[in-house]
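> Here is my input; please provide its structure:
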Amino acid sequence: MKKKYLFIGLVVIIGALYIAFNQNGFSSGPDGVVKVVDSAPSTWQTYTNTDLGFEIKYPKSLPPTNAPWTVESTGAQIGDPLHYSFNFSYPSTANPNAVTGWTVDVYENQSQVSLMRNSFNQFDDNQKMQTNFPITVNGMNAQVQNTEIVGESVKWVEVFIPVGKTTYVITGSSNAEAGLDVDTTFKDFWSSFRTL
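Next up, the predicted model:
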């Protein structure tokens, strides 16, 4: 009897995951790996960095603010010349001194990537819900890490894309005030990532 309930529970969980992935534009291949292809709207613009070998699409503007988006490179990070960071953002309506958006970090130092993967370690398992799963992004192997902090309305998504000795980390979070949703709009952003 227990086996029957266990089997039914397993079928329900697998079905829920299948529906969740397909509702968000994900689809699994025969190997079970979620395959993601570019879903960015055709109206988005493309940022290209030939020095670091990548391109990604980002919005010109998004409701509700319709403020123009910009790309800012912080260049090589102090203390780590093998880490570059790019902010895709627009001015926050709640705080004129702040910006809202997403980041692409480029690491050639794998120890920094390990730190990024553990960036929510200050929260114990009772304070956070974290899931990891393998995907392919436009044919490249990658790993998605979803993090939700219990009692907060923010959900973080980090996409790790290793290419040779370089790892690209694309980070975004849900932000209701800004109208940003990691399950739709941010997925459009990171699904457009390509190497050159």
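> who does residue 170 bridge with?
Beta bridges link residue 170 to residue 104, residue 159, judged by DSSP bridges.
> Next, the contact list for the residue nearest to residue 123 when sequence neighbours are not counted, please.
Distance criterion Cβ to Cβ, 6 or more residues apart in numbering; nearest residue to residue 123, sequence neighbours excluded, is residue 149 at 6.2 Å. Any C-beta I mention is one placed from the backbone N, CA and C, and that applies to glycine too. Shown in contact with residue 149 (Cβ atoms under 8 Å, 6 or more residues apart in numbering): 120, 123, 127-128.
> where exactly do the strands run in this structure?
With DSSP state E as the criterion, the chain has strands at 27-28, 34-36, 45-49, 54-58, 70-77, 80-91, 99-107, 128-137, 140-149, 155-163, 166-173, 194-195.
> so what secondary structure elements neighbour the last one?
Read that as strand 194-195. strand 54-58 (3 or more Cβ pairs under 8 Å, 6 or more residues apart in numbering; DSSP states H and E).
> One more: the third one?
Other elements packing on strand 45-49 under the criterion 3+ Cβ pairs under 8 Å, 6+ apart are strand 54-58, strand 80-91.
> Tell me the spacing between the residue nearest to residue 123 and residue 171.
15 Å (Cβ to Cβ, to the nearest Å).
> re earlier: quickly, which of the helices and strands packed on strand 45-49 bottoms out on average pLDDT?
Lowest mean pLDDT within the helices and strands packed on strand 45-49: strand 80-91, a mean of 79.
> partners of that strand in the sheet?
When DSSP bridges is applied, strand 80-91 pairs with strand 70-77 (antiparallel), strand 99-107 (antiparallel).
> can you put those strands in JSON lines and add mean neighbour count and distance to residue 51?
Converted to JSON lines, these look like this (neighbours: other Cβ atoms under 10 Å; distance: least, Cβ to Cβ, whole Å):
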{"stretch": "strand 70-77", "mean neighbour count": "13", "distance to residue 51": "10"}
{"stretch": "strand 99-107", "mean neighbour count": "21", "distance to residue 51": "10"}
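> For those, could you give me JSON lines that also reports distance to residue 145 and mean pLDDT?
Converted to JSON lines, these look like this (distance: least, Cβ to Cβ, whole Å; pLDDT from 0 to 100):
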{"stretch": "strand 70-77", "distance to residue 145": "21", "mean pLDDT": "78"}
{"stretch": "strand 99-107", "distance to residue 145": "13", "mean pLDDT": "82"}
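> Can I get those in TSV including distance to residue 86?
Shown next, in TSV, are those (distance: least, Cβ to Cβ, whole Å):
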stretch	distance to residue 86
strand 70-77	5
strand 99-107	5
